[in-house]
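Colleague: Fold the stuff below for me.
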Amino acid sequence: MAATKKAPRVKALVAGNWKMNGLKASKKEVSGLARLLAKAKRVRCDVLVCPPATLIPSLKEEAKGAKIAIGAQDCHAKVSGAHTGDISAEMLKDAGAAYVIVGHSERRADHGETDEMVRAKAEAAHRAGLVAIVCVGETEAQRDAKETLKVIRGQLKGSVPADATAKTTVVAYEPVWAIGTGRTPTAQDVAKVHAAIRDALVKRFGDEGAAMRILYGGSVKPSNAAELMGVENVNGALVGGASLKAEDFFGIISAYI
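Modeller: Down below sits the predicted model:
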């Protein structure tokens, strides 16, 4: 009998999504985070901060020499053109970003983004040399109707590009009903969804799907980070409000120290 192939070891990623928060003075939070990380003997995860696009260059400079990557929160699917107010993936790359979040539930809800639009943005991120963090998640109504896994599988199929690899793509599961509400699924709930996501990724992408990072997001805070990050197939977190303050964000990162 052939030996069972071991699942690859996946390095975790803890990403902060600042959303529409932050001014120039906020760079002190990045420098503060850098100092906290420098004091840690070993950090077993990658660290990412995704501020508003206006702050990418200054925070990139602030993070120089620290193990903190800077990312963006959205991008347009096209390289350039008559798209007033939009920012292309190439522009974000030029500004210093290494990652970009696409398909966040707030974008899907506030701007009517479809799976097709999210996939196009993820493809744009790949084109520009950015890592795409593709978000999926169910609403409270979908959860109550017991449609969670059906919704998640559909979003994965429609939003993740066909050329996705473990190096170019991260998936983030954010139950919409838990974002910013203080409500959090149980560890068992998270394990069930993440297992389904992993299964779908492996079926579609094989070894690459087995190695893709799957983040959990939704009211992650220092008090619950260790439990959530310990769940199988959870390879880090996408953190909202708790990422705005260096000490709170470091408290979540500490799950990997």
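Colleague: Please tell me I have it right and Val239 contacts Leu215.
Modeller: No - with contact defined as Cβ atoms under 8 Å, Val239 does not reach Leu215; the gap is 9.1 Å. Glycine gets a C-beta too; all of them are placed from N, C-alpha and C.
Colleague: Need the residues touching each of these two.
Modeller: Here Val239 and Leu215 have Ala15 as joint contacts, going by Cβ atoms under 8 Å, 6 or more residues apart in numbering.
Colleague: So those two - more neighbours on which side?
Modeller: The neighbour count for Val239 versus Leu215, taken as other Cβ atoms under 10 Å, is higher for Val239 (28 against 25).
Colleague: Name the next helix or strand following the lowest-mean-pLDDT helix or strand in the chain along the chain.
Modeller: For the chain, the helix or strand with the lowest mean confidence is helix 140-144, at a mean of 93 (criterion: mean pLDDT, DSSP states H and E). Reading on from helix 140-144 to the C-terminus, the next helix or strand found by DSSP states H and E is helix 148-159.
Colleague: mind listing the strands for the protein?
Modeller: Assigned by DSSP state E, the strands in the chain fall at 12-17, 45-50, 69-72, 99-102, 131-136, 169-173, 213-216, 236-239.
Colleague: Ala128 touches Ser88, doesn't it?
Modeller: Yes - here Ala128 reaches Ser88: they are 7.4 Å apart, a contact under Cβ under 8 Å.
Colleague: which residues do those two both contact?
Modeller: Jointly contacting Ala128 and Ser88 under the rule Cβ under 8 Å, 6+ apart are Cys75.
Colleague: Which pLDDT value goes with Lys6?
Modeller: Taken from the predicted model, the pLDDT recorded for Lys6 is 48.
Colleague: which helix is the longest one in this protein?
Modeller: For the chain, the helix with the greatest residue count under DSSP state H is helix 187-205.
Colleague: how far off strand 169-173 does that helix point, in degrees?
Modeller: Calculated by axes from the mean of the first three to the mean of the last three Cα atoms, to 10 degrees, helix 187-205 forms an angle of 150 degrees with strand 169-173.
Colleague: Please identify the buried residues of helix 187-205?
Modeller: For helix 187-205, the buried set under the neighbour-count rule, 16 or more other Cβ atoms under 10 Å, comprises 187, 190-194, 196-198, 200-202, 205.
Colleague: And the contacts of it?
Modeller: Outside of helix 187-205, the residues that reach it under the criterion Cβ under 8 Å, 6+ apart are 136, 148-149, 152-153, 156-157, 160, 164-165, 171, 173, 175, 185, 208-210, 212, 214, 216, 227-228, 230-234.
Colleague: please redo it, this time with the cut-off set to 7 Å
Modeller: Around helix 187-205, the neighbours that count as contacts under Cβ atoms under 7 Å, 6 or more residues apart in numbering are 148-149, 152-153, 156, 164, 171, 173, 209-210, 212, 214, 216, 227-228, 231-234.
Colleague: Derive a PyMOL selection command for the buried subset of the residues you listed.
Modeller: Here is the PyMOL command that picks out the buried ones among those, judged by 16+ other Cβ under 10 Å:
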select buried, resi 148+149+152+153+156+164+171+173+209+210+212+214+216+228+231+233+234
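Colleague: what are the bridge partners for Val239, then?
Modeller: Counting by DSSP bridges, Val239 is bridged to Gly16.
Colleague: and what of Leu48?
Modeller: Here Leu48 shows beta-bridge partners Ala15, Ala69, assigned using DSSP bridges.
Colleague: on that earlier part again, what does the least confident helix or strand of the chain contact?
Modeller: With Cβ under 7 Å, 6+ apart as the criterion, helix 140-144 contacts 148, 151, 175, 177.
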